[in-house]
Every structure is written in C-alpha cells, then in structure tokens.
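Q: got a structure for you, letters missing:
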DNA sequence: TCAAGCAAGTTGTCTAGACAAGTAAGGAAG
DNA sequence: CTTCCTTACTTGTCTAGACAACTTGCTTGA
C-alpha cells in the first residue's frame, strides 16, 4: 500500500478527531518531518483529502479544514432504506417550487403524453431527521387536475389526489439510474458536487382508466439513502424464470 | 499560466481531433520529449484529463482515451435498460477473478450468514456490444457447492446452479444504491473515476428451502445503464437490454 | 504616524533520477 | 504445441532540490 494512502488515512482520522472547520493543518514541511517522508508525498496525501472535500488549499496561507460532519461515510450506519414501491408517497415533503408549462419533445416521450400537453410541475424536498435527502419533481397533466395549484399545500401528494380527485395511482414503470448533482441540486440537498445521486423516474397511471396522471423524478443523496426491492408477498409459486 | 495547464489543453484538443475512444495516448516519456518538459509535468497535465473523465490510466499499458461524446450527454442514446429481476442472470459474462475466503463480520451481516462461513467469490464482467458495462461479484457459501470452482467456466451462473446442483433461486431482497468507482472498478469498466456507478446488492435464496445460496453485488456504469422496475404481469418478461 | 517594503513562512510548479508494479510479447524449455 | 520465463515498455510512487507565487507580520524610512 502506498505511503501517501496511509498518510491520507492518518490525516483523515486526525482531522475528524482533533480539528474543527476553520483551523489549518500543519504545514506540508512540518507534516513531512513528522511522518519522515518527502514533502511531495505529503502533498499527494493532501490531494486525496482535497479530492474528498475535507480540506481546502490556500496558497501562501495553509491548508484549511472544512466541515467534515457529513463526509463520505458510505456504508456506515445512518443509511436509510426505502421500498421502491413507496417512492413519492411521502407526507413530510416541503414544496420548494411550482411551475406551469407545456412539455417539450424530450419530456413528452418520458411522460407518455403528447408534446405540448399542459402540465403542473411541483418540486418538493424531503428531509429525514432534518437532513435534506430527496428532491422530487412531480409532473401532472393539467386536464386531470383543475385548480391543483390551489389545492396542494404540502404533505402527501398522492393522498390529495385520491381524496380530492378520487384517483388511485399505480406505478407502471420505474427507471433507476445514477448521476451527479447539478449546482442547484447540490445546494438544495446540501451535498457535494462530486458525490452521486440516486434517481428514479416513475410513470404512475390511474388504476382504473390506465391514463397517465403523474410522472415524477426523484433524486436522493447516495451517502445516506438506498432503495429496497422486495418481492410481492403472495408471489406465483411457479418460480422465477430467470437463469 | 502553468505549463501543465497549457499541455493539458493541447492534449485535450488533440484528443478531440485525432483520437478515438479505445486508442492510447503516446507514453508519458514520449510526450515529455515532444513538449520538452519533464515527465512529471506531463503526468500533472494528464491528471487534468483524468479528472475531466477524458482518459483512463492503465498501469503497464498506457493511457486510454475514453468516449468524449458522452461527456455531458448522460441520458442520450445508447442507454440500456434492464429489469431488476433479471440482474445477475446473464450468460455473456466473463470471469475475471475467483477467490475463496471466510466472510468477515461486515459481509456476513449483508449476506445473512454466520461470520466465518467459507464462501467462493466469483467476479464477472459483463459487456454489451463489446463495451464493459457491469461488474458483478457473486458470493456462494461453499457447503452448498462442492467443487464449484471446477464446474463454473463462465456463462450463466444461475443456469449452472440449477442444472448441476438442482437449485432454483429466488431474489429475496435487492438494495439499490449509487457510489463512485474504485480505481480497479474504473479500470475494469473503462470508466472515469468521477462518474457514478449504479449498485445492486441481492440476496438470493433457494426457492425450496429458503437458505441463502447466493449474495451478489453488481456495479454498473451509470452513463449507459439503468434498471427498470415493472409490476409483475407474466413471468416471461425478462428485460431485453438490446439497444 | 503612516506607508512602503522586506523577511519569513506557506502552497504551487518544475526538474531530475530511481525503483516498484503491471502488461504484453517473444523465446526457451518441456 | 504448450507452458514458463525473460525482457522491454508502460504507469505508479518516492525522494531531492530549486524557485515561483502568495500571505502575513514586522521593520524601516519618510
């Protein structure tokens, strides 16, 4: 194992235990003497920390320690699992944006509606234990929901659709992917630009008529969130055809 | 302006104009001679390209040029969808590693087995149209599979389990997450370090007895791959990843 | 007093050389 | 013909030294 990797890990734990954000690391020369290695090797180690977003270099001043409260603890506890089926039905969501527009070619294809269809877009942010975790954009064809923009004031969107409009939704398809956050997503989720997001695009149909009533795109922080797939409780015992 | 920045820009335009993905850059020594600079300065320049996701370093081989069309075109053409249910059942996989070890505490918890259990680990790489897309690590408790390491020579692992050992598998749980690639994953998938991977951890049980017979972790390139969830209708709807 | 500038300390860049680690191809031995 | 080993070439790491660029505080001069 490379020396700089060892040093990087040593510095990482040391920062977590003994440094606060705003403080400066010892100079590269001092660290080189302490570890009895060359200064360039120290720099290579600090490069790792910079890449991880733990520290910030300031030429002429030193190496600044940043907030490391939510640093990459992938796989540790504090990880939330959620059934894919439950996606988008949450009540503790806060509205952060409402829009009204006509869908363009690209969105229409994903939404399974005609281009030019008038839709409401509602963006919500979901927090868990106060931490922003998931950002959801709901797209709802206008003709299904007269006056929706007045009705919905937060809470469970799907519950409102059922109580107010008598619609019951069925997820017809979900597409799961991963991507990097935009600047705005990074801000809203308080999440680094160099960490991935988990995305689901869902097409929800009316259970009775089969018409599309909601298309949603959710983006979740991958450091503390994952989706769980579980087989139906009463499966066909015929067996999984795979393999 | 730093020399390495100039060289990085020069190489960037050169790559766009004269190189195709799959080709290798001239060696660092050759580039150093061409630009009349030190090899370390060349390395620093190439670091920029690696960071930008344009090239991939391969120790002992060279510096591989990646597709530069997909840079900002995530979600464009050439995206494969695959049913989550079909995960891990593919036949066109190539074995890239076999291991035999006892599971530690952490893995045991995820695998639903006792710590210390002896397991085979088989790593496979799956390509689509020649492009490496998915990396899968299969973990199989040894006591279920005497002589598996001799039996399996590639192809469909689950088919072998059924034909050779008479086992039929049922996915009990799948956990979907996202993460960044390790250096090795980046190499094997020919994929930049700063682009995300889509991960699924699956616990597959014996359909009859309910015992765990396989735990697998798959990692897929997020630039050209996504998982599809569809409500179960007829059992023969395996995801066709074609085009 | 005030301002210019000097000095010390920091990170940033470049060079130079050495060896380790990994890959691929070709040749030698069986 | 196959297998193993050697060899050449590539990237990866470490060391060493020098100077540039920048920040800060202190000294010096008017």
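A: Received it, and whenever you're ready, just let me know what you need. Computed from a predicted structure; not experimentally measured.
Q: what mean pLDDT does stretch A:116-128 get?
A: Stretch A:116-128 shows a mean pLDDT of 87.
Q: list the contacts of that stretch.
A: Under the contact criterion Cβ atoms under 8 Å, 6 or more residues apart in numbering or on different chains, stretch A:116-128 has outside partners A:80, A:90, A:92-103, A:108, A:111, A:113, A:132-143, A:145, A:148-149, A:152, A:154, A:157, A:188-189, A:224. In this view, the C-beta of every residue, glycine as well, is placed from N, C-alpha and C.
Q: where in chain A is the helix or strand with the lowest mean pLDDT?
A: Across the helices and strands of chain A, mean pLDDT, DSSP states H and E gives its lowest value to strand A:80-83, namely a mean of 62.
Q: returning to that earlier point: now, the contacts of stretch A:116-128 that are in strands?
A: If you go by DSSP state E, these have A:80, A:93-102, A:132-141 in strands.
Q: just the buried ones from these, in ChimeraX syntax?
A: Selecting only the buried entries of those in ChimeraX, with 16 or more other Cβ atoms under 10 Å in any protein chain shown as the criterion:
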select /A:80,93,132,133,134,135,136,137,138,139,140,141
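Q: ok, which of the ones in strands among the contacts of stretch A:116-128 also contact DNA strand C?
A: When Cβ under 7 Å from any atom of the strand is applied, no member of the ones in strands among the contacts of stretch A:116-128 is adjacent to DNA strand C.
Q: can you give me the end-to-end span of stretch A:181-200?
A: 14 Å (Cα to Cα, to the nearest Å).
Q: do that stretch and chain B meet?
A: Yes - contact of stretch A:181-200 with chain B (Cβ under 8 Å from any Cβ of the partner chain) involves A:194-198.
Q: what residues sit buried inside the helix ranked longest in chain A?
A: In terms of residue count, the longest helix belonging to chain A (DSSP state H) is helix A:3-18. Across helix A:3-18, burial judged by 16+ other Cβ under 10 Å covers A:4, A:7-8, A:11-12, A:15.
Q: that one packs against which elements?
A: helix A:28-35, helix A:39-51 (3 or more Cβ pairs under 8 Å, 6 or more residues apart in numbering or on different chains; DSSP states H and E).
Q: list, one by one, the residues from chain A near DNA strand C.
A: A:25, A:27-30, A:40, A:43, A:57-63.
Q: ok, 6 Å please
A: A:25, A:27-29, A:57, A:59-60, A:62-63 (Cβ under 6 Å from any atom of the strand).
Q: if any of these are buried, give me the PyMOL selection for them.
A: Selection of the buried residues among the residues of chain A next to DNA strand C in PyMOL, burial being defined by 16+ other Cβ under 10 Å:
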select buried, chain A and resi 25+28+62+63
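Q: ok, of the residues of chain A next to DNA strand C, which one's closest to chain B?
A: Nearest to chain B among the residues of chain A next to DNA strand C is residue A:59, at 12.5 Å by Cβ to the nearest Cβ.
Q: would you mind measuring from residue A:93 to residue A:128?
A: Distance, residue A:93 to residue A:128, by Cβ to Cβ, to the nearest Å: 11 Å.
Q: list the contacts of the most centrally placed residue in chain A.
A: By Cα atoms, centre = their mean, the mean C-alpha position of chain A lies nearest to residue A:220, the distance being 2.1 Å. Contacts for residue A:220 (Cβ under 8 Å, 6+ apart) come out as A:133-135, A:197-199.
Q: and it, bridged to which residues?
A: Beta bridges link residue A:220 to residue A:134, residue A:198, judged by DSSP bridges.
Q: now do it against DNA strand C, distance only.
A: Residue A:220 is 33 Å from DNA strand C, where distance means Cβ to the nearest atom of the strand, to the nearest Å.
Q: for residue A:66, same thing?
A: Applying Cβ to the nearest atom of the strand, the value for residue A:66 to DNA strand C is 14 Å.
Q: chain center to stretch A:141-149, what's the gap?
A: Stretch A:141-149 has its C-alpha centroid displaced from the chain centroid by 28 Å (Cα atoms, centre = their mean, to the nearest Å).
Q: what would the helices and strands packed on helix A:3-18 look like in JSON lines with distance to residue A:20 and mean pLDDT?
A: What follows is the helices and strands packed on helix A:3-18, written out as JSON lines (distance: least, Cβ to Cβ, whole Å; pLDDT from 0 to 100):
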{"stretch": "helix A:28-35", "distance to residue A:20": "18", "mean pLDDT": "97"}
{"stretch": "helix A:39-51", "distance to residue A:20": "15", "mean pLDDT": "94"}
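Q: many thanks, have a good one.
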